[in-house]
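Enquirer: Following is a predicted model, sequence given first.
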Amino acid sequence: MDLEEALQVVGEFGPYQRRAVAVLVLTQVYMACQSMLIVLVGFTPEYRMEQQDGVPSGQQELLQRVTFTEDVDSIVTEWFLIKQQAYKVSLAGSLFFAGLLVGNVVFGPLSDKIGRRPVYLTGLFFEVIFGYVTALAPSYEVFAVSRLLVGLMNGGIGLVCFVLTQEYVGKSYWAMTGTLTSMSFAVGIALFAALGYFVRPWRNLAAVANSSGVLFFLMSVTLPESPRWLYSQGRTEQAEEVLRYIALRNGNAANNLRLKRVGGPTAGSRGNGGAGVLQLVIHPVLRLRTMVLMYVWYACSLVYYGLTLGAGETSGSRYVNVAMYGLVELPAYPLCIYFINKHWAGRRKSMAGFLCLAGSACFCTMFIPEGTGETDEYTSDLKCAAKQTRQVRNI
């Protein structure tokens with residue numbers, strides 16, 4: 001039998017697969033905390049400077065003349081990242097996302113080569129380590145480098161984590177598991193806002209938010225390798241062992257499970273010169289579709305993270321704003337699952353619909369005047385609608 005038939009015997013989404021997917025989905029909460037960390041720990045409170053003749057000649061003189069008027073503990077107040085040093089807050093956030101980019105590029109092919117499980121566990125382990133380096137950083141330079149490394153691991157394991165949620169289950173559950181992954185990320189944003197409200201010192205907040213990664217790492221150690229990856233690499237016997245183990249934990253009998261033998265990696269297609277990543281560039285139709293999807297992903301990420309990371313700058317409580325920007329995504333996810341699984345909608349039409357909704361919301365914000373509380377509420381509502389780009393990325 002082929003792999004899909006074997007999953008029908010084992011159980012497409014049995015009790016064990018539900019537990020495994022739950023661990024991977026909950027890991028997104030930890031990843032969301034790391035992604036949003038700079039929004040709260042990089043907050044710039046109100047301050048005043050003593051009026052003296054001349055311009056501060058150095059950092060020490062600047063420190064003597066600055067008084068923060070808000071009781072806030074952040075990297076800004078600890079390292080006085082104001083005036084000419086203010087760019088360092090945004091730089092730390094940019095370094096995180098630079099690492100995210102590199103992590104996606106590196107970890108994806110690496111997981112195809114050596115396996116999903118070792119790449120995922122290694123990345124999660126080092127993200128936790130670098131997360132504690134962030135909390136204990138003795139200087140801004142160490143903090144910035146640690147954010148780069150955390151982003152590197154975060155981007156890598158985020159990709160592999162999503163793939164594992166798909167490869168543990170049958171095809172009919174792909175839309176649900178993929179959507180749950182994105183949904184838990186949104187919940188993680190809201191939980192991080194609540195955590196930030198109760199844990200104000202930035203070092204304590206960074207340490208507490210990072211500690212959940214230890215728990216998720218220990219829970220992930222017991223996860224098996226992806227049977228789909230093993231089968232694609234021609235390691236049929238190992239794939240059968242994993243499937244039998246899953247069947248056993250699901251309470252199904254699969255002692256006689258035998259997979260169709262394949263000739264080599266990627267089910268015998270790796271050696272085919274017409275297959276592989278280069279086909280995306282060589283084939284004109286695939287090239288066009290790849291370029292379109294890459295642009296869509298770029299636009300969605302730009303809007304999504306631009307709005308989310310700007311939550312701290314919105315009028316009102318920054319904790320409420322961050323939580324709202326996470327929770328507002330949740331109603332759209334059931335719609336995403338519904339539309340994807342309908343033959344009259346599917347992925348393409350669903351993606352186009354969410355893009356039109358988000359784009360229209362962004363466009364409408366241009367015509368709202370600034371300066372009043374009522375218009376600020378309208379702007380926030382439209383920004384929340386614009387955050388439906390997350391569903392497009394999920395599709």
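Expert: Great, that's in hand.
Enquirer: what about the strands in the chain?
Expert: Counting by DSSP state E, the chain forms strands over residues 47-49, 66-68, given from the N-terminal end onward.
Enquirer: As TSV, those with mean pLDDT and distance to E4 would be great.
Expert: Where you see a C-beta, it was placed from the backbone N, CA and C, and this is true even at glycine. Written out in TSV, the entries for the strands of the chain read as follows (pLDDT from 0 to 100; distance: least, CB to CB, whole Å):
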stretch	mean pLDDT	distance to E4
strand 47-49	80	61
strand 66-68	80	60
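Enquirer: can you list those strands in CSV and add mean neighbour count and distance to V187?
Expert: Below are those laid out as CSV (neighbours: other CB atoms under 10 Å; distance: least, CB to CB, whole Å):
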stretch, mean neighbour count, distance to V187
strand 47-49, 13, 34
strand 66-68, 14, 32
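Enquirer: per-residue confidence for E46?
Expert: You'll see E46 listed with a pLDDT of 86.
Enquirer: Look up the closest residue to it, ignoring the ones flanking it.
Expert: T69 (4.7 Å; CB to CB, 6 or more residues apart in numbering).
Enquirer: Please state the backbone phi and psi of the closest residue in space to L248 that isn't next to it in sequence?
Expert: Take L248 and drop its neighbours on the chain: the residue closest to it by CB to CB, 6+ apart is A254, 7.6 Å away. When read as degrees, to the nearest 10, the backbone of A254 gives phi -140, psi 40.
Enquirer: tally of neighbours for A254?
Expert: Number of residues near A254 (other CB atoms under 10 Å) recorded here: 18.
Enquirer: isn't it right up against L7?
Expert: No - counting by CB atoms under 8 Å, A254 stays clear of L7, with 10.3 Å between them.
Enquirer: Show me the common contact partners of these two, please.
Expert: Between them, A254 and L7 have L243 as joint contacts when contacts are counted by CB atoms under 8 Å, 6 or more residues apart in numbering.
Enquirer: now the residue nearest to A323 when sequence neighbours are not counted: how far from K349?
Expert: Distance criterion CB to CB, 6+ apart; nearest residue to A323, sequence neighbours excluded, is A193 at 3.7 Å. With distances defined as CB to CB, to the nearest Å, the gap from A193 to K349 amounts to 34 Å.
Enquirer: Kindly report the same for R228.
Expert: From R228 across to K349, the span is 27 Å (CB to CB).
Enquirer: So between the two, which is more surrounded?
Expert: Set side by side, R228 and K349 show unequal neighbour counts under other CB under 10 Å, the larger going to R228 at 20 against 14.
Enquirer: For that one, which non-adjacent residue is closest in space?
Expert: E167 (4.1 Å).
Enquirer: Return the residues in contact with that neighbour.
Expert: Listed by CB under 8 Å, 6+ apart, the contact set of E167 reads R116, S226, P227, R228, W229.
Enquirer: Quick check: the third one touching Q17?
Expert: Right, the one you point to is P227. No - in this structure P227 lies outside contact range of Q17 using CB under 8 Å: 10.7 Å.
Enquirer: ok, S301 - how many residues close by?
Expert: Neighbourhood size, S301 [other CB under 10 Å]: 16.
Enquirer: Buried residues in stretch 351-365, which are they?
Expert: M351, G353, F354, L355, L357, A358, A361, C362 (16 or more other CB atoms under 10 Å).
Enquirer: and if you look at stretch 127-138?
Expert: Judged by neighbour count using 16+ other CB under 10 Å, the buried positions of stretch 127-138 are E127, V128, F130, G131, Y132, V133, T134, A135, A137.
Enquirer: Touching it from outside, list them.
Expert: Under the contact criterion CB under 8 Å, 6+ apart, stretch 127-138 has outside partners 34, 37, 142-143, 146-147, 149-150, 153-154, 157, 203-204, 206-207, 209-210, 213-214, 217.
Enquirer: filter those residues to the buried ones?
Expert: Among the contacts of stretch 127-138, those buried by neighbour count (16+ other CB under 10 Å) are 34, 37, 143, 146-147, 149-150, 153-154, 157, 203, 206-207, 209-210, 213, 217.
Enquirer: Give me the subset of those residues lying in helices.
Expert: Of the positions in the buried ones among the contacts of stretch 127-138, 34, 37, 143, 146-147, 149-150, 153-154, 157, 203, 206-207, 209-210, 213, 217 sit in helices, assigned by DSSP state H.
Enquirer: For the stretch 101-250 of the chain, which segments are assigned as helices?
Expert: 116-136, 140-167, 174-198, 202-220, 227-232, 236-250 (DSSP state H, counting those that start in this stretch).
Enquirer: Could you point out which of these sits nearest E50?
Expert: When the helices of the stretch 101-250 of the chain are ranked by proximity to E50, the top entry is helix 140-167, at 23.8 Å, counting by CB to CB.
Enquirer: now Y16: how far from I340?
Expert: Relative to I340, Y16 is positioned 25 Å away (CB to CB).
Enquirer: now the helices of the stretch 101-250 of the chain in JSON lines, with distance to A299?
Expert: Output for the helices of the stretch 101-250 of the chain, formatted as JSON lines (distance: least, CB to CB, whole Å):
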{"stretch": "helix 116-136", "distance to A299": "27"}
{"stretch": "helix 140-167", "distance to A299": "18"}
{"stretch": "helix 174-198", "distance to A299": "17"}
{"stretch": "helix 202-220", "distance to A299": "29"}
{"stretch": "helix 227-232", "distance to A299": "30"}
{"stretch": "helix 236-250", "distance to A299": "38"}
